[in-house]
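Visitor: what follows is a protein structure lacking sequence information:
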């Protein structure tokens, strides 16, 4: 990748300028940088330097750079900057980014921030914060271009030239009726390619996709994914256009959702915000909940093993293979649940597909179980020839291990693949059926399968 | 979410029309649908119906609908449609989507397809296929708007009206010199907001981000994420503009990368393509590799347990807690590796952060280990009072379990968090340190920790 012209490339020199307090020179240099690079530089600075350097930015860049900062740095800057700078930034920010910042701040601070806004911006901010959390209303911005059916293309272009400055995007423009109800969306491409005298109505196809303010943010992700759009209009219950959602807001939501899914799949509660920023005790708490739940579930293995204590005492050789057997069930379950959870998340699998998955996993489970069974039996046979560890009945012990592996891997594959469907059917998040969760369930049943097969094969011989 | 006006809502009726062969009516209905909805309908049809219905689409929609189909359906259609239709679709498709389809086809079929292209499109297709796999060259399209510094805004708009029809995006236009070298990018917003007499050079800031044809596709994802762009220009080694990459291509790459990461984190090779489309044996093979590797690794637990066979025979009670202990180490390791792998993937953690993570995980590991130790000891104490399972020395056994839990959870957290760093440092994919992989490593060491602590505490008493 070509390095941006001004970026980390010159960071050592920048640091030197900062250390030498060459503020006039820095100010000049910053004027030529792009906002994302400036944001990166500021985020990398020691905390007490951040407000000093931020103040050197040209005013028109300030809100743009601020928008690119991560939430933790934003918060720190809000306490380090002066009132007039904060007021400037807050009034210039995109309303959607501002909402997403305000919803993370403590309510006392939100009140202070709102008071710094102009009457107009305060109304916008309060309206947006009035929508429920995780709703489309919180993601949208009211800055868009709306036109009437009767306007000509030339008139639309003049309208954009006059009103377009604040619009979040100029890629799509929206056709509304007298009452503001959304009639259609047209892309700027259509406008730019049409002769200037053509009317808007002749560009319309009366086919559009829209979201409601109260819709869940996840639905926006799915809609963007399906229709390959850059912006989607948002309407209220009466169909009145009140905002738009753009793809960059949705990318952020999609990334957060995936991170939450992955954390759950790793066997813990989803961590909100970056790993390094989470206080140690919160981090531990998010992990402890599931770790303790899994521990309590896993205790049943001790109970199950205790139930077979007499058998273990008689044939200690059986105990040696317990970790090998239960981990194989857990691993195949982890694979199956991972496949199914991810396929569900990206819309490849729906509830009605459960039966096809069930059939596939019987196939996979039997194949994989058979492969491990052969390897497991060979392992016992070879070690027996070499070290004579497993006694006179090693063939039978090998058979117990082999049959158990087929059963446990099949069982793990079925549990791992079906649990996400069951959770989804019950309205829970399929990602909760994490690898550790499936492994714990399979561990207990794996022990039961193992000792029952052992009992069947070895009864009257060594049991 | 508001339903698209025509979509699955009317699917039963559509199916009826198909069954009754009401093709004239269907043709009329389809004319009013959007391409993504048509693609969804066709993908949901039985395989033999797909080409029949596809042929009913209005010609101008055909290539658009085709682009929205998943790869498997695309392949099937290519064998079911006539030569003239395929030629039409292939010539009308976006060059970038076409490249991504062609690179998945067997080379014999690619040759047939290329022969159906016009001379101009064939050259474009061959050029794009000439770039290395997973390079930016394979993602880009040569359809963009380029202008000269000396042009006025009015002239630019006229140029767009004339040449813009095929351009992949009109959101950005690119300023090039006489030789075609990229000088700057300007957004359509700047053009639309500027007075018509203004010259392009006065809109330029000479600051832009670009990619090279040979760059890795992952770098495009990172660049889009950092700069919040819709399109990035692509230049060759001499800085000559030769294409653009748009955000929708990159979204696809990002989603695929995340899926590959998640599959690896689930303890298997990444599955390419949808779960339900993978042939059963390929699915089993992708899983078998890791499952067998983990099984071979896990065999060391049998070796380790075998090493302590005498101790187990003397104190069978110790064997009962083996699954509980090793699974706790595995679970804490799974949590730590999940957190670190995901934070690395989204750029939150860099290699240099390893020390901070190490310190945090010592803290987390000790806290979490202590929590489980207390619960574990209580479990033994309570069961002992209730069922007298653990013999006269149950307090010592409880202490062995408790100390082991602290050690194993700490060890699991450290292994889980440090392995992704080690893998990344070695140039491997951090996602390879999957939950099952970490669990397997921790299982073996967990057994060693357990029996060594048992030996220290119980030697001369029951061992």
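Guide: Arrived safely. No experiment lies behind these values; they were computed from the predicted model shown.

Visitor: pLDDT weak spots in chain A?
Guide: The model of chain A has pLDDT under 70 over residues A:1-12.

Visitor: in it, where's the longest helix?
Guide: If you go by DSSP state H, chain A has its longest helix at helix A:354-387.

Visitor: which helices and strands does that one pack with?
Guide: Using 3 or more Cβ pairs under 8 Å, 6 or more residues apart in numbering or on different chains; DSSP states H and E as the contact test, the elements touching helix A:354-387 are helix A:322-345, helix A:394-425, helix B:280-307. The way it works is simple: take the backbone N, C-alpha and C, and place the C-beta from them, glycine included.

Visitor: the closest residue to chain B within the stretch 301-450 of chain A - how many residues pack around it?
Guide: As assessed by Cβ to the nearest Cβ, chain B sits closest to residue A:338 within the stretch 301-450 of chain A, at 2.6 Å. Residues near residue A:338, counting by other Cβ atoms under 10 Å in any protein chain shown, number 31.

Visitor: now it, nearest residue through space, not along the chain?
Guide: Nearest-residue entry for residue A:338: residue B:266, 2.6 Å, with adjacent residues in sequence omitted and distances by Cβ to Cβ, 6 or more residues apart in numbering or on different chains.

Visitor: ok, now how distant is the residue of the stretch 301-450 of chain A closest to chain B from residue B:406?
Guide: Look at residue A:338 and residue B:406: by Cβ to Cβ, to the nearest Å, they are 30 Å apart.

Visitor: and the helices and strands packed on helix A:354-387: which comes nearest residue B:343?
Guide: Closest approach to residue B:343 among the helices and strands packed on helix A:354-387 is made by helix A:322-345 (18.7 Å; Cβ to Cβ).

Visitor: report the inter-axis angle for the closest one versus helix A:280-307.
Guide: For helix A:322-345 against helix A:280-307, the angle by axes from the mean of the first three to the mean of the last three Cα atoms, to 10 degrees is 130 degrees.

Visitor: show me how far helix A:322-345 is from its chain's centre.
Guide: Put simply, helix A:322-345 sits 21 Å off its chain's centre (Cα atoms, centre = their mean, to the nearest Å).

Visitor: what of stretch A:293-310?
Guide: 35 Å.

Visitor: got the buried residues for that stretch?
Guide: A:294-295, A:297-306, A:308 (16 or more other Cβ atoms under 10 Å in any protein chain shown).

Visitor: equivalent analysis for stretch A:206-216, please.
Guide: Neighbour counts using 16+ other Cβ under 10 Å place A:208, A:209, A:210, A:211, A:212, A:213, A:215, A:216 of stretch A:206-216 among the buried residues.

Visitor: wait, isn't the fourth one in contact with residue A:236?
Guide: No. Counting by Cβ atoms under 8 Å, residue A:236 is not a contact partner of residue A:211; they are 10.9 Å apart.

Visitor: the residue nearest to residue A:338: neighbour count?
Guide: Neighbours of residue B:266 (other Cβ under 10 Å): 30.

Visitor: from residue B:334, how far out is it?
Guide: 10 Å.

Visitor: shared neighbours, these two?
Guide: Taking Cβ atoms under 8 Å, 6 or more residues apart in numbering or on different chains as the contact rule, residue B:266 and residue B:334 both touch A:435, B:435.

Visitor: give me the distance from the longest helix of chain A to the chain's centre.
Guide: 35 Å.

Visitor: what residues of it count as buried?
Guide: Applying 16+ other Cβ under 10 Å to helix A:354-387 flags A:354, A:357, A:360-361, A:364-365, A:367-373, A:375-377, A:379-380, A:383-384 as buried.

Visitor: where does residue A:27 land in three-state SS?
Guide: helix (DSSP: H, G, I helix; E, B strand; the rest coil).

Visitor: in the stretch 101-250 of chain A, what residue comes closest to chain B?
Guide: Counting by Cβ to the nearest Cβ, the stretch 101-250 of chain A gets nearest to chain B through residue A:219 (4.0 Å).

Visitor: reformat the buried residues of stretch A:293-310 as CSV; add distance to chain B.
Guide: Shown next, in CSV, are those (distance: Cβ to the nearest Cβ, whole Å):
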residue, distance to chain B
A:294, 5
A:295, 5
A:297, 9
A:298, 5
A:299, 6
A:300, 9
A:301, 4
A:302, 5
A:303, 8
A:304, 9
A:305, 4
A:306, 5
A:308, 9
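
Visitor: before we move on, the earlier item: quick one: which of the helices and strands packed on helix A:354-387 is nearest residue B:324?
Guide: helix A:322-345 (10.8 Å).

Visitor: other SSEs contacting that closest one?
Guide: Contacts defined by 3+ Cβ pairs under 8 Å, 6+ apart place helix A:322-345 against helix A:247-265, helix A:354-387, helix A:394-425, helix A:435-458, helix B:247-265, helix B:280-307, helix B:322-345, helix B:435-458.

Visitor: residue contacts, the residue of the stretch 151-300 of chain A found nearest chain B?
Guide: Nearest to chain B, among the residues of the stretch 151-300 of chain A, is residue A:266, at 2.6 Å (Cβ to the nearest Cβ). Contact analysis of residue A:266 by Cβ under 8 Å, 6+ apart lists A:434, A:435, A:436, B:265, B:334, B:335, B:337, B:338, B:339, B:435.

Visitor: which parts of the stretch 51-200 of chain A sit against chain B?
Guide: A:68, A:157, A:160-161, A:164-165, A:170-171, A:188-189, A:192-195 (Cβ under 8 Å from any Cβ of the partner chain).

Visitor: of those residues, buried ones?
Guide: For these, buried by 16+ other Cβ under 10 Å: A:68, A:157, A:160, A:161, A:164, A:170, A:171, A:188, A:189, A:192, A:193, A:194.

Visitor: so residue A:150 touches residue A:198, yeah?
Guide: No. In this structure, residue A:150 is not within contact of residue A:198 by Cβ under 8 Å, at 11.9 Å.

Visitor: between those two, tell me which one has more neighbours.
Guide: It is residue A:198, of residue A:150 and residue A:198, that has more neighbours when counted by other Cβ under 10 Å, with 16 against 9.

Visitor: with adjacent residues omitted, what lies nearest to the more buried one?
Guide: residue A:153 (5.0 Å).

Visitor: list the residues that contact that neighbour.
Guide: Residue A:153 neighbours (Cβ under 8 Å, 6+ apart): A:191, A:194, A:195, A:196, A:197, A:198, A:199, A:200, A:203.

Visitor: again with residue A:374
Guide: Residue A:374 touches residue A:402, counting by Cβ under 8 Å, 6+ apart.

Visitor: ok, now how distant is it from residue B:176?
Guide: 63 Å.

Visitor: before we move on, the earlier item: and the helices and strands packed on helix A:354-387, which is most packed in?
Guide: Highest mean neighbour count among these (mean count of other Cβ atoms under 10 Å in any protein chain shown): helix A:322-345, with a mean of 30.
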